[in-house]
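Asks: how does the following fold in three dimensions:
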Amino acid sequence: MKKPSLLLVDDDPLISESLAFALADGLEVVRAGDREGAVRALRAGFKPDLALIDLGLPPVAHLPNEGFKLIGDLLAHAPQVRILVLTGQNEESNARRARALGAVELVPKPCEPARLRAALERALASPGLGASGEADESNRAIVGDSPAIRKLRSQIDLYAASSFPALVEGESGSGKERVAWSLHHLSARANHPFLALNCAAISPSLVEPTLFGYAKGAFTGAAGAKSGYFEDAGEGTLFLDEIGELPTELQAKLLRVLENGEYQRVGETQTRVSQARIVAATNRDLRSAIREGRFRADLYHRLSVFTLPVPPLRDLGDDKLKLLDHYRSVVATKSGTQAFEMDEGARARWLAYEFPGNVRELKNIVIRLTAKFAGYRVGAAELEAELAPTDGAGTRDDPLARARAELTSGRPFSLDTVLKGVEQAYLDAAIEVAQGNMSQAAKLLGVSRSTLYSRLEAAGRAGAKLGPSDPGEGRG
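Replies: Numbering: from 1, shown residues only. This is a model prediction of the structure:
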């Protein structure tokens, strides 16, 4: 029987080797020391069942930025992967942010091998809701009754019958692929294939043969001819996610297909004609990318014949409760357990929460609550532990309004904790802007280098790693 696979990402070789050795009996372990190495493994075709990652990765290993980005990379390449995050004592807010982005469990450091194995087994047994878990129509439904969702549904109904391209715009995790699938399902193409390709999930050198196919001998390793996505989609729908990541040299070739349906396999001169409808999606501002020369204006205009903006979850009001009820039922059925309930305090907090990770985050929270509280009632305190710290959308730029919202929210409040959090944010931001140069970071903050180190130590960051360009490294 094939072992489940694990991608282990940590920049400390001692930790990485020790964990790999401890887990090798039950798992096929692939190790990487940074985000770049992990993405290389994913692009080479490795589809892990599990991922265990440290948030602090090079080049600035004391900040969580690369770890956050890696969570997105993992979900783009392997939507069904269960991601576990290694966390330190002073990383609770970062860990909860990682969970909002798609991590299913937090593992404190140091962690005993037996406890870690148990966490991995729980994650492996959890009912994921990735692409293969949403194959039936009921799970693909556009849930909600807010004005924004009603408008989105009417746009889908209006545009579904057309053969012209459509562009779906929205934040990460907001459900863009679900909109594309609905366009396909409600069209005359519903009995033909629906194929999805994430343009950010494969190496730029492989995008062209993946989309258009290739002839035998077209490049090293091309032992036989192979069709591409345009050909395999037939008269169905081809969904191109993260279209803003498409290499500029391929944008002209995609434009040609959109204009007249013509393309060629790599290594062939024969012209083929695609009958598929193209639906693209992006979480980036393509107009800004056009101004910066990273995206072709003519391609944008071809793709955006119809544009469907997907609203973020924070703007959907009571639809948050409808989505809660929907996924609570789906997860309970899939896991063979009873659904949990929520008391009034928890439901009020659920409505007030912004869901920075959108519907993807909501689903993950429901999965965790089902695993912990199946058949029980969840209160505000139990729910709060699953939420990422976040500011209210309308108070983000107004300190007085933000303070008022915090003090009237009914949640426990500590002025010392808030002030420490603000200080830590400025410390981290200065070090990030200075690219690890501690002398420059101190200058940005208007303090001496020794004061900066004292503040870092007081904040529990004494082990922060210096950047390679820090001129003070090793001088005390």
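Asks: give me the neighbour count for Trp166.
Replies: Wrong residue type there; residue 166 is Ala, not Trp. For Ala166, the count of nearby residues is 25 (other C-beta atoms under 10 Å). All C-beta spots, glycine's among them, are computed from the backbone N, C-alpha and C.
Asks: with adjacent residues omitted, what lies nearest to it?
Replies: Phe306 (4.2 Å; C-beta to C-beta, 6 or more residues apart in numbering).
Asks: cool, Gly37 as well?
Replies: According to C-beta to C-beta, 6+ apart, the nearest residue to Gly37 is Val9 (7.6 Å).
Asks: in terms of secondary structure, what does the longest helix seen in the chain contact?
Replies: Ranked by residue count and defined by DSSP state H, the top helix of the chain is helix 415-433. Counting contacts by 3 or more C-beta pairs under 8 Å, 6 or more residues apart in numbering; DSSP states H and E, helix 415-433 is packed against helix 438-445, helix 449-458.
Asks: one more pass at 10 Å, please.
Replies: helix 92-101, helix 399-407, helix 438-445, helix 449-458 (3 or more C-beta pairs under 10 Å, 6 or more residues apart in numbering; DSSP states H and E).
Asks: which helices and strands does the first one pack with?
Replies: Secondary-structure packing of helix 92-101 (3+ C-beta pairs under 10 Å, 6+ apart): helix 65-77, strand 82-87, strand 105-108, helix 358-373, helix 415-433.
Asks: report the contact partners of the most centrally placed residue in the chain.
Replies: By C-alpha atoms, centre = their mean, the chain has its centre lying nearest to Gly72, at 3.3 Å. Neighbour list for Gly72: Leu101, Gly102, Ser172, Gly173, Ala200, Glu242, Asn283 [criterion: C-beta atoms under 10 Å, 6 or more residues apart in numbering].
Asks: gap between it and Glu245?
Replies: Separation of Gly72 from Glu245 (C-beta to C-beta, to the nearest Å): 11 Å.
Asks: again with Pro58
Replies: To Glu245, Pro58 is 22 Å away according to C-beta to C-beta.
Asks: same check on Thr282?
Replies: Distance of Thr282 to Glu245, computed by C-beta to C-beta: 9 Å.
Asks: next: Ala297.
Replies: The gap separating Ala297 from Glu245 is 17 Å, by C-beta to C-beta.
Asks: neighbour count: these two, which is higher?
Replies: Glu245 (20 against 12).
Asks: Val143: how many residues sit nearby?
Replies: Neighbour tally, Val143, other C-beta under 10 Å: 19.
Asks: can you tell me the SS state at it?
Replies: Judged by DSSP: H, G, I helix; E, B strand; the rest coil, the three-state class of Val143 is coil.
Asks: excluding sequence neighbours, find me the nearest residue to it.
Replies: His326 (4.8 Å).
Asks: my read: the one you found touches Asp145, true?
Replies: No. When contacts are counted by C-beta atoms under 10 Å, His326 is not listed as touching Asp145 (11.8 Å).
Asks: quickly list what's touching both of these two.
Replies: Joint contacts of His326 and Asp145 (C-beta under 10 Å, 6+ apart) are Asp319.
Asks: show me which of these two is the more surrounded one.
Replies: Neighbour count, other C-beta under 10 Å: between His326 and Asp145, His326 has more, with 19 against 12.
Asks: the nearest residue to Arg296 once chain neighbours are set aside: what's it in contact with?
Replies: Take Arg296 and drop its neighbours on the chain: the residue closest to it by C-beta to C-beta, 6+ apart is Gln251, 4.7 Å away. By C-beta under 10 Å, 6+ apart, Gln251 lies in contact with Ile243, Arg294, Phe295, Arg296, Asp298, Leu299, Tyr300.
Asks: for Thr282 and Glu245, list the residues in contact with both.
Replies: Cys199, Ala289, Phe295.
Asks: so which of these sit within helices?
Replies: Filtering the shared contacts of Thr282 and Glu245 for helices - DSSP H - leaves Ala289.
Asks: turn the shared contacts of Thr282 and Glu245 into a markdown table, including neighbour count.
Replies: Listed next are the shared contacts of Thr282 and Glu245 as a markdown table, based on neighbours: other C-beta atoms under 10 Å:
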| residue | neighbour count |
| --- | --- |
| Cys199 | 23 |
| Ala289 | 17 |
| Phe295 | 23 |
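Asks: sort the shared contacts of Thr282 and Glu245 by pLDDT and name the bottom one.
Replies: Across the shared contacts of Thr282 and Glu245, the member with the lowest pLDDT is Cys199, scoring 88.
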